Structure formats: structure tokens, C-alpha cells
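Trainee: Sequence plus predicted model, see below.
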Amino acid sequence: MNVIKRNNVVVKGRGSQVIMFAHGFGCDQNMWRYVSPAFEENYKIILFDHVGAGGSDLSAFVPQKYEKLEGYADDIVEIATALQLHDIIFVGHSVSAVMGIIASQKSPELFKSLVLVAPSPSYINDCDYVGGFTRPQIDELLESLDKNHLGWSMAMAPVIMGNPDKKELGEELANSFCRTDPAIVKHFARATFLTDKRELLSAVDISSLILQCSDDVIAPREVGTYMHQQIKGSKLVIMRATGHCPNLSAPEETIYEIMKFLS
Amino acid sequence: MDHPVSPDLNQLQENFEDFFEAALCGFVIADTQGFILRANKTIAGWLNLTTDKLKGKRFSDLLGIGSKIYYETHLRPLLRIQGFFDEVVLELSSTTGQKLQVMVNAFERRDKNGQPYFIRFTILKGSDRLQYEQNLQDAKAIAEKALVKQTEMVALREQLIAVLGHDLRNPLSAIVIAADLLNSSPDTDNRLILATLKRSSSRMSELVSNIMDFARTRLGEGIILNRQDAQLEPVLQQVVAEFKLIYPKREITTFFKIITPVNCDSNRLAQLLSNLLANALTHGDTNFPVHVDAILNNENLKLSVTNNGAPIPADLHERLFAPFTREAGRTSQNGLGLGLYICSEIAKAHNGTLSFISSGNETSFTFCMNL
């Protein structure tokens, strides 16, 4: 299988030090479009889409494999191996932060450091642990995902109608970014929100930066603090940025913090 | 819905303030972080709030939890990257917990350098349309399920025909050969040949009735009972007597204790016994007798058939009562694999159970029905 094609891997930049950006649940590598250019001068940039998202090969989506975050983490390792990468600085947003942790423990020889952007090891509250959500709330999310297709049906329309040459329809797409098959979104949501990887944190032994947003519904501040406590020698930065996607809402601050950590 | 009414209609024609506040859709203007700067009366009314109360809230605070997560993970990024999103279904959640399905368009106003100024949301009520969409989705799910069932049904029918063709041929050819023999030697003692004829033809008749029952239960309405108070013992004795005739060399012992009449379909219980007995005689060790016990007490009726011989292979246990379950490598003797399925259906129709114990050297099937 062609890993590069499968994950729509894009390699950019003029440096030799590798920095790999991984998008989270909800979009694709476009998530990094305001951040990654700042690293092009001095780094070798790796961007990719998780299987099922963006420009990835949807036919490679095997439900069983991607039931767990390990399946996605395996892909990260495979990309690194295929491109013969080493000493990787892995920047993972949201659920991809945890995938990076899994990958770095699976193949420690590949990774140099971790930048965890709005990460969470587990989204569901559990005794003293504040994950931010109750199980019924997550169930409600999984149910509500059926109702949106974000341009999916229209994107597929020309193909379904048997005249893929007819371009007009494709160009009139209401939502042309972050398109995903609703069935895959639901699957990814399960893997994301029903996962508990807290036990992995104490085993992280490479330098790590946690970027915690100040008003994040998805990963509340308690989670950032928890991760900081669990990951030995980690650095925690509470960003001014609000929301769950500082890479889009506050790219300058995100770039600044990553660069400060790397220098 | 109440629309504020102004006394002077002429004034209203150019009144954009009124157009905004009393629009037929909800309008929300939020800052770049999603905090509401202004919302119109329409959406405030839907949420049971005043427009002042809406000010300062996050747009995502107006949403149910599922929509909120969806908004944060999908829509906010989309808005930032693409500058807008259209036709997205979200669920508003009012202060009283009421849910309202809406269709939302949003647009990020940007300056010359592409920096965001503010965000506009247009919110349309969509309950009816979205309900219709939901109905379509449900109908699709139902149709898909029905298709799967039909496909299974077709497979079962095909299997039935294949097995039927194969298995009816064996007893049939035995009958033909026996008839030929009888025909060619009219003077010999024909008792054994006659027993063969009887055995083969009754086996065929059993197969045919099993097929009919299978067709009725699996592909139709299930087994229909004709229940009445019946003296069961003579009926069961009759079944045993027939088998003794068919298998003259085999020993069948009985222990019957059914004094009072039992409310049941006695023909069906005879069929059940017949199937169990045929199995026991076919699969059991021919050197040992087969036991038939039928005991009625105050609480229940128990009917069991026990034979000696190698136990039922463990890998068959789980699907023993499923149709077409047959022991590997013994197809010719095993029939259609419908017998136990029919027996369990007869038991179920009587609100009873059919269970088995098969270990060591003994296999025993028991039908138990509470009175």
C-alpha cells in the first residue's frame, strides 16, 4: 500500500529537522494552514490527513483498524518509516496529540519531542478526573452526528449521477473543506471520545509541550493541568487563545509558543 | 409566533431595525471568538430569553451538547478556513431544556488582510423539514434491514432446495430397490424388505413434514398449535410402536407416567418425539437401547429421549437447534438438519423448552413444559 497516497502526505520546507503536524477530529491538514508556513524556512514539514479525512484514500478505511487510536498511531509510524524520518518533532492537535503519544511509545526511535495542542487523554469524567463530559453527553454527540453531512452528499452527487465530468456542481459546494463521509465521522468520534489513554501519560519520556487554551469546551483547563502533572518534565502553557483550535483562531500565538519551546 | 406589530406600516418599510429584530429567521452577530455581540428578538424568543441575556454568551452556548461539540470541532474550523458554512443542522437548547432543530448559515466578515472582524449567523427553524429528513433516513434504514433479511431468506431457500434434492434421493432409491427386489422374488420371506420399505418411506414422509414445518416457521408465521386436553400416553406409545416396526433389531424402553389429560397439541408432541427418536436411533450406539421417559407431575410435563454412544461434538452445541445443522461427514444419514429445529419450535409454541445433555457415553434430549 502506498502510505503517502493513503494519508495524502505533503512534504514541504527547506530545513532538515522534521516537524510533523497531525490534525484532530473534525477537519484535515487544512487545520495547520496558518501555522505550518512559519516553519517552512528552517524545518522539513510533514502534513497529512488521517484515513477517512480530507484527501486521504477513503477506500483504505478499515472500520476495525480505526476503531482504536492505535490504528491511527500505526499510520503515523508508517508515514515516518516510509519517508525515513527520524528525530521527529510531532505536533498533534486534539485527539492526535494522544495518537502521537501512542506512536512515540511504539517507535521511540523515531521521535524527538511532542507538542500537544489542546490535548485530552480522556473526555469523560471519571471520579476525581475531569474530562469535561458525561457519558450521556458523548452519546448525544454520537447521535447528533448523523444529522450533518457538510457537503458530503453534494460532493458525491456528480459521481452518483454518473457524470463526474460535470464540474459545476462540484464547484458550487457549500462546504468544500473538512468534508468527511458521515459514517467515518461517527466512527472517528467513537474512537476519539470513548478512548481513555490516561495510563500512557506517565510513560512519556521525551520532551513535551502542552498548549492549553483558556476557554476550551472540548479540553477544559483541568485536563491540561492533569496532563502536565502526569507527563514528567512536561511544559504547560495556558494560551490566551480561546476555543479548541488555537491553530486557527490564534496562529501567531501558537507559532510563538512552539518556536519558543523548540529553541 | 408573535411578530411585534407597529401601528404605522409606512414607517416600517424602511425600518431596518425592525427588519433585523422581527425577521423570520434568527440573526446573531458574534465577535471573532464566538461571543455574541448582538442577537435579534426572533432567536431570543425561540430560546425564551431576552436579547440582552444573549449578549456575551458564546454562540455555542445556545446549542445542545452534541451540536456544541460538533460546532467546536467542525464548524469553527470550517468558518476560520473557508470563511463561511452553509446549511448546517444544529440543535438549539433553550433555558428550559427544550430542543429546537435549526438550519444555520454563518459568515466571517474579514478585513483587507484577511483578518476576521466578526461572525454573522442566520438561523432558520427547520423542525418539519428535518423531521422529514429523519423519516427518510429511518425509512432507508428499515429498507436496508429488510433487504438483508430478504437476502438471508433467499439463501435459506436455496440451501433448502439443495439439501432437499440430495437427501430425499437416498431413501427414495432404497424404496425403488426394495420394490424391485419384492417384484423379482415373490416367494421369499419379505419381512426385512418390507421393514426397509416402511423405514425409507416414513423417513421421506418425516423429511417432507419437516420441510413443510420449516417453510411455515422460518419463512412464514410459525408453528400453529391445536391445543386441547389430550390423553398423551397412547399417542406417544403409538410413535414408539411405529419405530419398533421400522427398527425391528433395536430395543426401545419406555417409562410413562401421564395419568391425567394434558393441554397440548398431541400431534405436535408426537412429531417432537418422532424426531427425537429418529435422531437417537440414527446417532446412538446400536448395541444399546434407547430410553423414552414421559412424566407428568403437578407442575410440569417432561418428555425425554436418551441414547448411548459418542457425544454430540462440542462445536455443534451452540447451533444445534438452528436449521440445517448437521454433523460433518455424515450427511447421508443426517437428513436435512431440520428435525431439532422443528422440535425446538414445537417446544417454544408450547411455551416450553427443549434442552440436551451430551457427555461421556450418553446423550439425552428433554422437552419440558410448565402446566
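Mentor: Received, thanks.

Trainee: just how off-centre is stretch A:58-77 within its chain?
Mentor: 13 Å (CA atoms, centre = their mean, to the nearest Å).

Trainee: Next, the buried residues of it.
Mentor: For stretch A:58-77, the neighbour count (16 or more other CB atoms under 10 Å in any protein chain shown) marks A:60-61, A:66, A:68-77 as buried. (Each C-beta comes from the backbone N, C-alpha and C, glycine too.)

Trainee: How about it and chain B, any contact?
Mentor: No. With CB under 8 Å from any CB of the partner chain as the criterion, chain B is not reached by stretch A:58-77; the gap is at least 15.7 Å.

Trainee: Tell me, what's the model's pLDDT at the residue nearest to B:Gly26 when sequence neighbours are not counted?
Mentor: The spatially closest residue to B:Gly26, leaving aside those adjacent along the chain, is B:Ile43, at 3.0 Å (CB to CB, 6 or more residues apart in numbering or on different chains). Looking at B:Ile43, its pLDDT stands at 95.

Trainee: In the buried residues of stretch A:58-77, find the pair that's most separated.
Mentor: Farthest-apart pair in these is A:Phe61 and A:Val77; separation 18.1 Å (CB to CB).

Trainee: Give me the residues contacting stretch B:337-348.
Mentor: B:163, B:206-207, B:210-211, B:213-214, B:217-218, B:222-223, B:265, B:268-269, B:271-272, B:275-276, B:278-279, B:320-326, B:353-354, B:365, B:367, B:369 (CB atoms under 8 Å, 6 or more residues apart in numbering or on different chains).

Trainee: what number of residues lie near the residue of the stretch 101-250 of chain A found nearest chain B?
Mentor: Residue of the stretch 101-250 of chain A nearest chain B, by CB to the nearest CB: A:Ser144 (3.0 Å). Residues near A:Ser144, counting by other CB atoms under 10 Å in any protein chain shown, number 21.

Trainee: Would you mind measuring from it to A:His50?
Mentor: 21 Å (CB to CB, to the nearest Å).

Trainee: quick one, what contacts A:Met239?
Mentor: Contacts of A:Met239 by CB under 8 Å, 6+ apart are A:211-214, A:246, A:250, A:253-254, A:257.

Trainee: tell me the phi and psi of it?
Mentor: As for A:Met239, its main-chain torsions (degrees, to the nearest 10) stand at phi -80, psi 160.

Trainee: OK, contacts around the residue nearest to B:Gly26?
Mentor: So B:Ile43 contacts B:26-28, B:54, B:62, B:92, B:123 (CB under 8 Å, 6+ apart).

Trainee: Quick check: bridge partners of B:Phe35?
Mentor: B:Phe35 forms beta bridges with B:Arg58, as assigned by DSSP bridges.

Trainee: For it, report the pLDDT, please.
Mentor: pLDDT at B:Phe35 comes out at 93.

Trainee: Might you report the residue contacts of it?
Mentor: Per CB under 8 Å, 6+ apart, neighbours of B:Phe35: B:56-59.

Trainee: The residue nearest to B:Gly26 sits in which helix or strand?
Mentor: Take DSSP states H and E as the rule and B:Ile43 turns out to sit in helix B:41-46.

Trainee: Mind naming the longest helix for chain A?
Mentor: The longest helix of chain A (DSSP state H) is helix A:69-82.

Trainee: Tell me how far it lies from the chain's centre.
Mentor: Centre to centre, stretch against its chain (CA atoms, centre = their mean), the figure for helix A:69-82 is 13 Å.

Trainee: which parts of chain B sit against chain A?
Mentor: Counting by CB under 8 Å from any CB, chain B sits next to chain A at B:32-34, B:60, B:64-70, B:72-74, B:76-78, B:80-82, B:85-89, B:91, B:130, B:133-134, B:137.

Trainee: Among the residues you listed, which ones are in helices?
Mentor: Those of these lying in helices (DSSP H): B:65-70, B:76-78, B:80-82, B:130, B:133-134, B:137.

Trainee: Next one: the residue lying closest to B:Glu251 once chain neighbours are set aside from chain A, what distance?
Mentor: Excluding its sequence neighbours, the residue lying closest to B:Glu251 (CB to CB, 6+ apart) is B:Pro289, at 3.8 Å. Per CB to the nearest CB, to the nearest Å, B:Pro289 is found 52 Å from chain A.

Trainee: ok, now which ones touch B:Pro289?
Mentor: B:250-253, B:308.

Trainee: give me phi/psi at it?
Mentor: Backbone phi and psi, for B:Pro289 under degrees, to the nearest 10, turn out to be phi -70, psi 160.

Trainee: Parallel or antiparallel, list what pairs with whichever strand or helix holds A:Leu236.
Mentor: Assigned by DSSP H and E, A:Leu236 belongs to strand A:235-238. Strand A:235-238 sits in its sheet next to strand A:207-212 (parallel), going by DSSP bridges.

Trainee: Output the partner strand as CSV - backbone C-alpha positions only.
Mentor: Provided in CSV are the C-alpha atoms of strand A:207-212 (Å, rounded to 0.1, in the frame of the first residue of the first chain):
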residue,chain,number,x,y,z
SER,A,207,10.4,16.5,26.0
SER,A,208,6.8,17.6,25.7
LEU,A,209,4.9,20.9,25.4
ILE,A,210,1.2,21.1,26.4
LEU,A,211,-0.6,24.0,24.8
GLN,A,212,-3.8,24.5,26.7
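
Trainee: Show residues contacting that strand.
Mentor: By CB under 8 Å, 6+ apart, strand A:207-212 touches A:112-119, A:219, A:221, A:223-225, A:227-228, A:231, A:233-239, A:246, A:254, A:257-258, A:261.

Trainee: avg pLDDT for that strand?
Mentor: For strand A:207-212, the per-residue pLDDT averages 97.

Trainee: Tell me the first helix or strand C-terminal of the helix holding B:Ile43.
Mentor: With elements assigned by DSSP H and E, the helix or strand that comes after helix B:41-46 is helix B:51-54.

Trainee: Run through who's touching that following helix.
Mentor: With CB under 8 Å, 6+ apart, helix B:51-54 has contacts from B:21, B:28, B:36, B:38-41, B:43-44, B:47, B:62.

Trainee: How about stretch A:75-86?
Mentor: In contact with stretch A:75-86 (CB under 8 Å, 6+ apart) are residues A:3-4, A:6-7, A:9, A:11, A:18, A:20, A:22, A:46, A:48, A:50-51, A:88, A:90, A:99-100, A:103, A:106-107, A:109-110.

Trainee: Now, the residues you listed that are in helices?
Mentor: A:3-4, A:6, A:99-100, A:103, A:106.

Trainee: Just among these, which is most surrounded?
Mentor: Most surrounded of these: other CB under 10 Å gives A:Ala103, at 30 neighbours.
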